[in-house]
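Visitor: sequence first, then the predicted structure:
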Amino acid sequence: MTSYGDDATVRDILTGTGDTWAVVGLSNNTARAAYGVAAVLQRHGKRIVPVHPKAETVLGEPGYASLAQIPFPVDVVDVFVRSELAGEVADQAVAVGAKAVWFQLGVVDAAAYERTTAAGVSMVMDRCPAIEFPRLG
């Protein structure tokens, strides 16, 4: 399997890219992985921005229906949608000026990776920050 994002890129996104993380697919469904990962991001000092069609307030942060509706800069876009929808989210992340895109475990789109990194935006796929924070220390 091809690796999309080496440990140095993962570490840089987690520690150096910025603290505002838009979490695409985040809702108040506590059973979903996005909810647990967003809570971990908060514990690591990140400001989470829920992005979901319902635009719910989640974990104390107001939500938005799309990346384009967020009225402030976003550093990292963390993507919790199916692979067939994720490429469009990566393109939107580049369009809003995000510094990095993170596709969660099981989310892979090689063409989106090529487009995103060609645009100068760091990207990791098929990884989870809740796993990578303790692993990379």
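Guide: All right, it came through fine. Residues are numbered from 1 along each chain as shown.
Visitor: so who does Gln92 touch?
Guide: Residues counted as contacts of Gln92 (Cβ atoms under 8 Å, 6 or more residues apart in numbering) are Ser66, Leu67, Ala68, Val77. C-beta coordinates here come from the backbone N, C-alpha and C atoms, glycine included.
Visitor: can you tell me, leaving aside adjacent residues, what's nearest to the third one?
Guide: Spatial nearest neighbour of Ala68, chain neighbours left out: Val96 (6.3 Å); criterion: Cβ to Cβ, 6 or more residues apart in numbering.
Visitor: how near is the one you found to Val121?
Guide: From Val96 over to Val121 the distance is 11 Å, taken as Cβ to Cβ, to the nearest Å.
Visitor: who's more crowded, the two?
Guide: With other Cβ atoms under 10 Å as the criterion, Val96 and Val121 differ in neighbour count, and Val121 comes out ahead with 18 against 15.
Visitor: chain neighbours aside, what residue packs nearest to that one?
Guide: Nearest non-adjacent residue to Val121 (Cβ to Cβ, 6+ apart): Val94, at 5.4 Å.
Visitor: give the helix, strand or coil label for the spatially most central residue of the chain.
Guide: Taking Cα atoms, centre = their mean, the centroid of the chain lies closest to Asp78, which sits 0.8 Å from it. Recorded secondary structure, Asp78: strand (DSSP: H, G, I helix; E, B strand; the rest coil).
Visitor: and it, bridged to which residues?
Guide: Here Asp78 sits in beta bridges with Val23, Trp102, going by DSSP bridges.
Visitor: coming back round to it: go through the contacts of Gln92 and flag which are in strands.
Guide: Secondary structure of these is defined by DSSP state E; positions in strands are Val77.
Visitor: identify each buried residue in stretch 119-127, please.
Guide: By 16 or more other Cβ atoms under 10 Å, the buried positions in stretch 119-127 come out as Val121, Ser122, Met123, Val124, Met125, Asp126, Arg127.
Visitor: swap that for stretch 55-68, sorry
Guide: Buried residues in stretch 55-68, counted by 16+ other Cβ under 10 Å: Glu56, Val58, Leu59, Glu61, Gly63, Tyr64, Leu67.
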